[in-house]
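A.B. asks: return atomic coordinates for the entry below.
(chains A and B)
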Amino acid sequence: MNGPPKAVSQPVEQLRYARLLDWGTRAGLLVLVLSFAAYMSGLTDPHVPLERLATLWGQPVDSYLAQTQAPQGWGWLALVRHSDVAGLVGIAILAGCSLLCLLALVPLYWRRGDKAFVALCLAEVAVVVLAASGWLTGGH
Amino acid sequence: MHAPRSAVLGSGLLLFAASAQAAAPSAAAGVPWWVWPLALFVVCFLMGIVAVPAGIGGGTLFVPIVGSFFPFHLDFVRGAGLLVALASALAAGPMLLRSGLGSLRLALPLAVLASASSIGGAMLGLAMPAHVVQILLGCVVLGIVVLMFVAKKSEFPQVDRPDALSQALALNGIFVDGASGRVVHWQVHRTLPGLFVFLGIGVLAGMFGIGAGWANVPALNLLMGAPVKVAAGTSGLVLSLVDSSAAWVYINKGAVLPMIAVPSVVGMMLGARIGARLLTVLKGSVIRRMVIAVLLFAGARAMLKGTGIWP
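C.D. replies: Numbers count the residues shown, from 1 in each chain, chains lettered A, B, ... in the order given. As a prediction, this is how the structure comes out:
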């Protein structure tokens, strides 16, 4: 089953996924750190002032939302000018970067006639999109 | 010489968590707000260092420790915990894929089911009262401790014949084992039971916001017969997809606060880089024992907090 050492190359779809995942993760982390630096430096006003945040972060999320009028679902995009909400941009990139990687695999599997993996990629994309849509949580 | 260093690191984590707990009641009594994100960064940095030699994901440590010893509500802690596990899995993913230690073919079928069930788990977790989630979290954490004690690993499990589903999906691969320098061909079996197990793992990951590497690796290695290194690498890929789905539920519910999530992610990732470099210096078995002690404490604390005995 095992053999002597030699150069082993991984499947082309695996390498494509790795390359895109690498860039997506770097972009997400960069945006995350930069937006947090802006948040801490006070460059722009946060939606919830820092002193007030400390009195609210011990409460359940429903209570926090009620007291801060913070939006649910994609409503945060309308408030992205605020430094605390801007932090969600990097988080959204991290939580969404796998989508691009999966979609990039579909043509490769399709050309090879690997219909099972075309279906699996599209099914995983559908699951993540469903979760991201906010439809299930009533926050779209 | 190595054991004392490991003990110092583990003790540091315990002391820091305990001092955060001691300060928690005074949160409303004038402790400056910035103390908590800073303490969170330091604790996550220490968790990142010990997580690698202990062979456990940082996300598994995060929720029980931060949920038990910091003043943040469990809703926000679980949201941040998912992001910690997600960011760690995403950062490690490209290297694992290029080396062949992570298999996309093996990860995808498992991830589809686990992602779907993680959404259900996340919704369930956010709908349940916090004290119930605390008690269940305590049970899961104590279960992880038991698993860490009893679970054996099989370096290269014997898989004589892959099952029909594994053959149809071509769930096999090849990698160069760094320790022996040999090329290893692998295949898996018991695919259907494996898929069912990952359905359950997804629910736990979504409900508690913990990375589920502690469950993924035994399922892939002991149940499905993947070599332990492939199991660990593929577990990271599955996590990156499962935690993406569950994280969106928390984001949409407003349960992700950048003030909690960002110091946690950055601290954990910096710590993990140092932990990986210290792998040869630190004594893994000592670190592992210290982590088990911390998890025992955090698990018991979560149960006592949930039952109201130690609020």
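
A.B. asks: only C-alpha atoms for contact and neighbour calcs from this point on.
C.D. replies: OK.

A.B. asks: grab the nearest non-local neighbour of the spatially most central residue of chain A.
C.D. replies: Nearest to the geometric centre of chain A sits A:Ala95, at 1.8 Å (Cα atoms, centre = their mean). Counting by Cα to Cα, 6 or more residues apart in numbering or on different chains, B:Ser244 is the residue found nearest to A:Ala95 once chain neighbours are left out, at 4.7 Å.

A.B. asks: contacting residues for that neighbour?
C.D. replies: Going by Cα atoms under 8 Å, 6 or more residues apart in numbering or on different chains, B:Ser244 touches A:94-96, A:98, A:128, B:86, B:115.

A.B. asks: can we see that at 10 Å?
C.D. replies: B:Ser244 is in contact with A:92, A:94-99, A:127-128, A:131-132, B:82-83, B:85-87, B:90, B:115, B:118-119, B:206, B:238, counting by Cα atoms under 10 Å, 6 or more residues apart in numbering or on different chains.

A.B. asks: now these: which count as buried?
C.D. replies: Buried by 16 or more other Cα atoms under 10 Å in any protein chain shown: A:92, A:94-99, A:127-128, A:131-132, B:82-83, B:85-87, B:90, B:115, B:118-119, B:206, B:238, out of the contacts of B:Ser244.

A.B. asks: just the helices in chain A please.
C.D. replies: A:12-41, A:50-56, A:61-68, A:83-112, A:115-133 (DSSP state H).

A.B. asks: ranges for the strands of the stretch 201-311 of chain B?
C.D. replies: Ranges of strands in the stretch 201-311 of chain B, per DSSP state E, counting those that start in this stretch: none exist.

A.B. asks: skipping its backbone neighbours, what lies nearest the closest residue to chain A within it in space?
C.D. replies: Residue nearest to chain A within the stretch 201-311 of chain B (Cα to the nearest Cα): B:Asn252, separated by 3.9 Å. Sequence neighbours aside, A:Gly73 is the residue nearest to B:Asn252 in space, at 3.9 Å (criterion: Cα to Cα, 6+ apart).

A.B. asks: any weak-confidence spans in the chain?
C.D. replies: Picking chain A for this. A:1-7, A:138-140 (pLDDT under 70).

A.B. asks: actually it's chain B I care about, not the one you picked
C.D. replies: Low-confidence segments of chain B (pLDDT under 70): B:1-30, B:54-55, B:279-284.

A.B. asks: so which residues of it form helices?
C.D. replies: For chain B, the helices defined by DSSP H cover B:2-23, B:35-54, B:58-69, B:74-99, B:104-127, B:130-150, B:164-168, B:191-208, B:213-218, B:228-252, B:258-277, B:284-307.

A.B. asks: for the helices of chain A, give me JSON lines that also has distance to B:Asp75.
C.D. replies: Shown next, in JSON lines, are the helices of chain A (distance: least, Cα to Cα, whole Å):
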{"stretch": "helix A:12-41", "distance to B:Asp75": "21"}
{"stretch": "helix A:50-56", "distance to B:Asp75": "12"}
{"stretch": "helix A:61-68", "distance to B:Asp75": "6"}
{"stretch": "helix A:83-112", "distance to B:Asp75": "16"}
{"stretch": "helix A:115-133", "distance to B:Asp75": "17"}
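
A.B. asks: of these, which is nearest B:Gly275?
C.D. replies: The minimum distance between B:Gly275 and these falls on helix A:12-41, with 19.6 Å, by Cα to Cα.

A.B. asks: and the closest one, what does it pack against?
C.D. replies: Counting contacts by 3 or more Cα pairs under 10 Å, 6 or more residues apart in numbering or on different chains; DSSP states H and E, helix A:12-41 packs against helix A:83-112, helix B:74-99, helix B:104-127, helix B:258-277.

A.B. asks: may I see the buried residues of it?
C.D. replies: By neighbour count with 16+ other Cα under 10 Å, helix A:12-41 contains the buried residues A:13-22, A:24-26, A:28-29, A:31-33, A:35-36, A:38-40.

A.B. asks: now that helix and helix A:83-112, what's the angle there?
C.D. replies: Using axes from the mean of the first three to the mean of the last three Cα atoms, to 10 degrees, the inter-axis angle of helix A:12-41 relative to helix A:83-112 is 170 degrees.

A.B. asks: return the distance of helix A:12-41 from the chain's centre.
C.D. replies: Helix A:12-41 has its C-alpha centroid displaced from the chain centroid by 9 Å (Cα atoms, centre = their mean, to the nearest Å).

A.B. asks: got the angle for that helix vs helix B:104-127?
C.D. replies: Here helix A:12-41 points in a direction 40 degrees away from that of helix B:104-127 (the same axes, to 10 degrees).

A.B. asks: apart from its neighbours in sequence, what residue is nearest A:Val125?
C.D. replies: A:Leu99 (5.8 Å).

A.B. asks: what do you get for B:Ser154?
C.D. replies: Distances taken as Cα to Cα, 6+ apart place B:Val228 nearest to B:Ser154, at 6.3 Å, with adjacent residues excluded.
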